[in-house]
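J.: Structure for the following, please:
(chains A and B)
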Amino acid sequence: MSTPVLRVRELSVTFRTEDGPLSAVDHVDLEVTDQEVLAIVGESGCGKSVTAMSLAGLLPRTATVEGSVELDGVELIGADKRTLRSIRGREIAYIFQEPMTSLNPVFTVGTQIGEVLRIHNGMSRSAARKRAVELLKVVGIPSAERRVDDYPHQLSGGMRQRVMIAMAVACDPKVLIADEPTTALDVTIQAGILDVLRGLRERLGTSIVLITHDLGVVADLADRVAVMYAGRVVETAEVHDLFAQPQHPYTAGLLGASPAAGRHAGTHRLNEIPGLVPVLAEQPDACTFADRCPRALDTCTAKQPLLDQGDHQVACWNPVREPVEV
Amino acid sequence: MPENALELEDLVMHFGPVRAVDGVSLQIRKGTVVALVGESGSGKSTVGRCIVRLLEPTGGTVRLADADITHLNRRRLRPHRRDVSIVFQDPAGSLDPRLSVGDIVGEPLRLMRRRGDLPAEQRDIPAAVADALRRVGLRPEVAQRSPHELSGGQRQRVSIARALISSPRLLVADEPTSALDVSVQASVLNLLADLQRDLGFACLFITHDLSAVEYLADEVAVMYLGQLVEQGPRERIFGVPAHPYTQALLSAAPVPDPTTQRARQPVLLGDDLPSAIDPPSGCRFHTRCPVAVDRCKTEVPISRVIGAGGHQVACHLVADDGTGPDVREQPVDRGVTA
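T.: Numbers count the residues shown, from 1 in each chain, chains lettered A, B, ... in the order given. Now for the predicted structure:
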């Protein structure tokens, strides 16, 4: 196994809110190796976006971040502003779900892509523009020479997301964090964006942290998957292993909840997970999924299960070991 | 008695220059679920809003059971309101935050009482509300709560209870699960399937989520830029899709299984959806269609039956026996340009 590009250790995030503290991420360990696509999966409120934002130091000041995030050996948690500024955009880049609100409406896309290059690489205006055209081609925008002078509103949603990706990879970052990159897009557009992301990994060697709730997108793009629930990683495995043999009851429940091809309500029933994701002031010494879990034992409410060792890790006192039919 | 719960004939809805719906004809047989599928801007939600007469159509006919409601005014529409209900995507935005859940769910009954056509068995409105809540899997005590105290899934159940309390013959469900998480989505889809089976209403299920369509629908109608391109029984649309757009749509939706998914080749259509203000001539899909020929640019394809169960398609390239090109078998360049 090669050395990880990104190594996250014991990452915890707590927010100060009017109603008191809110624990969003609890002792998360993650590793991303060279050219790897790591998907972080979970439902609303599981902490996947907060984890992603803490990797790039994007959380607001109400957040307390503890633990360690090392990018190629450089510690990012607690780093000074100058270090962060030189790393963000150059070493680690971020694409958001909503491309319209992340682009500036009053500048052309060429100017916005060029700005990244001029700041980080000290390129001249004309060199930056030339590189912007090349980048638009990399992300599959037709007639890039003309499109480089377009304003964001002149582009479709899919094109805008391609521009966002071009901006993000302008400085050839080691790690690209893609936070629900296709959620706002139609499926025919999504297919194209997934293709671009795949191409980046293959051509530029970028590692990707993919945040998504869409198991189809995970199946399409990820090498490894970390499943989060209520701020904790509950299972992590190589993608084929995870889908073939989910071991955490929550993972198995999620897989069974998505309608599969050829299944109709007349003959099949979707798996339901009763109850809600808990909102936690502090993380208990127990499994936070226990009260929704069909396999819960007495131990589950008495002691927190930790991730076991190996390639396929699960944090569960009573994991699913028998083959499941999903 | 007519056998269709709904008949749309050449439905047209224009907003100024925007031709959102441009000639949609569709029937829903009693007690069946028809999914109306399409991407953003296809006009599928506008069709739904015309059916419940939140919009007055620019042209064509909307017939509920045996009544033409296309142009009825508010007063004359009122007796028909109870026959058709709608559930929206965003339950937070469609429930009045100032009312209790009980008031929201009971409102259709109070309106019926005012008109004097409240059925005898529902005269005790609080009891009828409790029944309706129980039917959607909520405890009757929820009636005292405010919508904001509920989770997204519970709110969507409240919307469904309100929609069904008047025993409509047709339910229009407009992306009812799209704002919900997968596990909650599953419970709402199961609930809709159970209610539909038990109560026997017809349903127009408007969605972009093809896996949910396969789970819930009996028939599928595929919409592109204001028009239907293909419709037919679920097994045929998923098994032998004939229109290149349907084929592309099915190939683009990723399936949650890495082995299967990685063996598939999505058809990439390009990102530029044409505008509904100035839709392309001929077949509206020709600008993105991988197999379009010259005829597609000039001549509008007419929808015709090509197979069992009323499987219809509007494409010049599909023969009368349903044979035609499959864009999923066309060579595609998977690499991005360097």
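J.: Up against chain B, what does the stretch 201-326 of chain A have?
T.: Residues of the stretch 201-326 of chain A lying near chain B by C-beta under 8 Å from any C-beta of the partner chain: A:203, A:213-220, A:222, A:239-240, A:243, A:253-265, A:268-274, A:276. The way it works is simple: take the backbone N, C-alpha and C, and place the C-beta from them, glycine included.
J.: Tell me the buried residues within those residues.
T.: Among those, those buried by neighbour count (16 or more other C-beta atoms under 10 Å in any protein chain shown) are A:213-220, A:222, A:239-240, A:243, A:253-260, A:264-265, A:270-273, A:276.
J.: quick one, helices of the stretch 101-250 of chain B?
T.: Using DSSP state H, counting those that start in this stretch, the helices of the stretch 101-250 of chain B run over B:101-115, B:125-135, B:152-164, B:182-199, B:210-216, B:234-239, B:244-252.
J.: The stretch 1-150 of chain A too?
T.: Going by DSSP H, counting those that start in this stretch, the stretch 1-150 of chain A shows helices at A:48-55, A:81-87, A:99-102, A:109-121, A:125-138, A:144-147.
J.: which one of the helices of the stretch 101-250 of chain B lies closest to A:D186?
T.: Closest to A:D186 of those is helix B:244-252 (C-beta to C-beta; 8.4 Å).
J.: Show the average pLDDT along the closest one.
T.: For helix B:244-252, mean pLDDT rounds to 95.
J.: Point out the other helices and strands that that helix packs with.
T.: On a contact count with 3 or more C-beta pairs under 8 Å, 6 or more residues apart in numbering or on different chains; DSSP states H and E, helix B:244-252 meets helix A:187-204, strand B:219-224, strand B:227-233.
J.: How about the last one and chain A, any contact?
T.: In this case it means strand B:227-233. No. Using C-beta under 8 Å from any C-beta, strand B:227-233 stays clear of chain A, with a minimum separation of 11.3 Å.
J.: Just want the angle from that strand to strand B:219-224.
T.: Relative orientation of strand B:227-233 versus strand B:219-224 (axes from the mean of the first three to the mean of the last three C-alpha atoms, to 10 degrees): 160 degrees.
J.: where do the strands sit along chain B?
T.: Counting by DSSP state E, one finds strands in chain B at the ranges B:4-15, B:18-29, B:33-37, B:59-64, B:67-68, B:84-87, B:170-174, B:202-207, B:219-224, B:227-233, B:304-307, B:311-313.
J.: could you dump these to JSON lines with mean pLDDT and mean neighbour count?
T.: Shown next, in JSON lines, are the strands of chain B (pLDDT from 0 to 100; neighbours: other C-beta atoms under 10 Å in any protein chain shown):
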{"stretch": "strand B:4-15", "mean pLDDT": "97", "mean neighbour count": "19"}
{"stretch": "strand B:18-29", "mean pLDDT": "96", "mean neighbour count": "21"}
{"stretch": "strand B:33-37", "mean pLDDT": "98", "mean neighbour count": "27"}
{"stretch": "strand B:59-64", "mean pLDDT": "96", "mean neighbour count": "18"}
{"stretch": "strand B:67-68", "mean pLDDT": "94", "mean neighbour count": "14"}
{"stretch": "strand B:84-87", "mean pLDDT": "96", "mean neighbour count": "24"}
{"stretch": "strand B:170-174", "mean pLDDT": "97", "mean neighbour count": "25"}
{"stretch": "strand B:202-207", "mean pLDDT": "97", "mean neighbour count": "27"}
{"stretch": "strand B:219-224", "mean pLDDT": "98", "mean neighbour count": "26"}
{"stretch": "strand B:227-233", "mean pLDDT": "98", "mean neighbour count": "26"}
{"stretch": "strand B:304-307", "mean pLDDT": "96", "mean neighbour count": "16"}
{"stretch": "strand B:311-313", "mean pLDDT": "97", "mean neighbour count": "22"}
